[in-house]
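*Asks:* Pasting a predicted model and its sequence here:
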Amino acid sequence: MDREKAITGDRIFKWMTTGFAFSILIILGLMLFQMAGESWPALKQFGWQFVTGRDWDAVQGHFGALPYLYGSVVSSVLALLLATPLSIGAAIFITEIAPKRLGSLIAPLVELLAAIPSVIYGLWGVLVMAPWLQSTVEPFLIERFGFLPFFQGAPYGVSMLAAVFILMIMVVPIITSITREVLLAVPQSQKEAAIALGATRWETIMMAVLPYGRSGIMGAAILGLGRAVGETMAVTMVIGNAPQISASLLSPAYTMPSVIANEFAEAVSKLHTAALMEIGLMLLVVTLIINALARLLIWGVTKDSSGGAA
């Protein structure tokens, strides 16, 4: 009797946990379905012109999302290009160079940065970083590199450059933390083999550690990209919120999350709400694709590996 009860309990537990797991997928599917339904008026009226159009006029009922798509892509990609080398260097120091006690102290502090609310980053960015950029960095870039289209214009402070810097600061903890886990998954035998062949610590890292974790590091970077694409408050506070496409990083810009945050509460027409919902649908789909790709890359490098040293 006790054996039958135990088997019945195991089955109930199995079906409950299975239901919990699939409920997440059901919720995601409902979100996609609901957002697609809410954005249908904009999808029906504008079609692909919504993605390629630049005009955003709620009064006239003309909506084009290209400036917001441009702002999201440029700010996120540039932030990733700046954050990835810094994150990889920090992860290498924690796992391979720093003493074990020091590394175990630094790692939680780096991860703690990811727990800071984005509005705090935004407040610091608009009160401290943006004025510093306006008075120091942007005039220097205009004076020395003003011949390039990327550094032309007036030093506004709140700009695409400010958004890039704030996103870089926000994604560094994520990329560093995941890269650290990937480097710890490198087999100790692989490092010892490189050292036995006469490799220095630098050569061991470059020839044995980083090549093994290449896919995982790439996945960490893509996860950071997903974080940057979806960031709202911090970027909204420092980017300037101007729906324009400009090659200059000193000009104000706009992103998809920012326009949703700024205009959704004030949308009065059904078409305006549908256009904002379509931007949200685009953002959700892009984020899902980025995160799924990153998870596949990380899983591919860690599924059959043994732990490293630190």
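*Replies:* On my side now, so go ahead. Residues are numbered from 1 along each chain as shown.
*Asks:* and S72, what does it touch?
*Replies:* 229, 255-257, 283 (C-beta atoms under 8 Å, 6 or more residues apart in numbering). Every C-beta, even on glycine, is put in place using the N, C-alpha and C of the backbone.
*Asks:* residue contacts, L113?
*Replies:* 172-173.
*Asks:* And the one 10 residues further on, by the same measure?
*Replies:* By C-beta under 8 Å, 6+ apart, the residues touching L123 are M237.
*Asks:* Quick check: the gap between it and A267.
*Replies:* Taking C-beta to C-beta, to the nearest Å as the measure, L123 falls 26 Å from A267.
*Asks:* got it, and H62?
*Replies:* 14 Å.
*Asks:* do the same with T136
*Replies:* With C-beta to C-beta as the criterion, T136 and A267 are 39 Å apart.
*Asks:* Same question for A114.
*Replies:* 32 Å.
*Asks:* Which one's more surrounded, T136 and A267?
*Replies:* Ranked by neighbour count (other C-beta atoms under 10 Å), T136 and A267 place A267 first, with 16 against 11.
*Asks:* hang on, isn't the more buried one packed against A58?
*Replies:* Yes: at 7.3 Å, A267 counts as touching A58 under the criterion of C-beta atoms under 8 Å.
*Asks:* What about T52, how many residues nearby?
*Replies:* For T52, using other C-beta under 10 Å, the count is 12.
*Asks:* Nearest residue to it in space, please, no chain neighbours.
*Replies:* Once flanking residues are discounted, T52 sits nearest to L66: 5.8 Å by C-beta to C-beta, 6 or more residues apart in numbering.
*Asks:* who are the neighbours in contact with that neighbour?
*Replies:* 51-54, 245.
*Asks:* neighbour-wise, which of the contacts of S72 leads?
*Replies:* Going by other C-beta under 10 Å, T255 tops the contacts of S72 with 32 neighbours.
*Asks:* pLDDT score assigned to it?
*Replies:* At T255, the pLDDT value in this model is 90.
*Asks:* How about the contacts made by it?
*Replies:* So T255 contacts 68, 71-72, 75, 163, 235-236, 239 (C-beta under 8 Å, 6+ apart).
*Asks:* If we use 6 Å, what do you get?
*Replies:* Contacts for T255 (C-beta atoms under 6 Å, 6 or more residues apart in numbering) come out as 68, 71-72, 235.
*Asks:* Next: V110.
*Replies:* V110 touches 173, 176, counting by C-beta under 6 Å, 6+ apart.
*Asks:* pretty sure it belongs to a helix, no?
*Replies:* Yes: using DSSP: H, G, I helix; E, B strand; the rest coil, the assignment for V110 is a helix.
*Asks:* Could you measure from it over to I290?
*Replies:* Taking C-beta to C-beta, one finds V110 at 22 Å from I290.
*Asks:* for the helix or strand harbouring G37, packing partners?
*Replies:* Using DSSP states H and E, G37 falls within helix 2-38. When contacts are defined as 3 or more C-beta pairs under 6 Å, 6 or more residues apart in numbering; DSSP states H and E, helix 2-38 sits against helix 270-302.
*Asks:* Off-centre distance for the helix it packs on?
*Replies:* 11 Å (C-alpha atoms, centre = their mean, to the nearest Å).
*Asks:* Which elements pack onto it?
*Replies:* Partner elements for helix 270-302 (3+ C-beta pairs under 6 Å, 6+ apart): helix 2-38, helix 40-46, helix 214-230, helix 256-263.
*Asks:* Quick one: distance of stretch 90-102 to the chain centre.
*Replies:* The answer for stretch 90-102 is 24 Å, by C-alpha atoms, centre = their mean.
*Asks:* buried residues in that stretch?
*Replies:* 90-92, 94-96, 98 (16 or more other C-beta atoms under 10 Å).
*Asks:* Pull the contacting residues for G157.
*Replies:* Counting by C-beta under 6 Å, 6+ apart, G157 has contacts 130-131, 133-134.
*Asks:* no wait, G71
*Replies:* Residues in contact with G71 (C-beta under 6 Å, 6+ apart) are 253-255.
*Asks:* do that again at 8 Å, thanks
*Replies:* Residues counted as contacts of G71 (C-beta under 8 Å, 6+ apart) are 160, 163, 239, 253-256, 258.
*Asks:* for the stretch 151-300 of the chain, what are the low-confidence residue spans?
*Replies:* 297-298, 300 (pLDDT under 70).
*Asks:* Low-confidence regions, the stretch 1-150 of the chain specifically.
*Replies:* 1-7.
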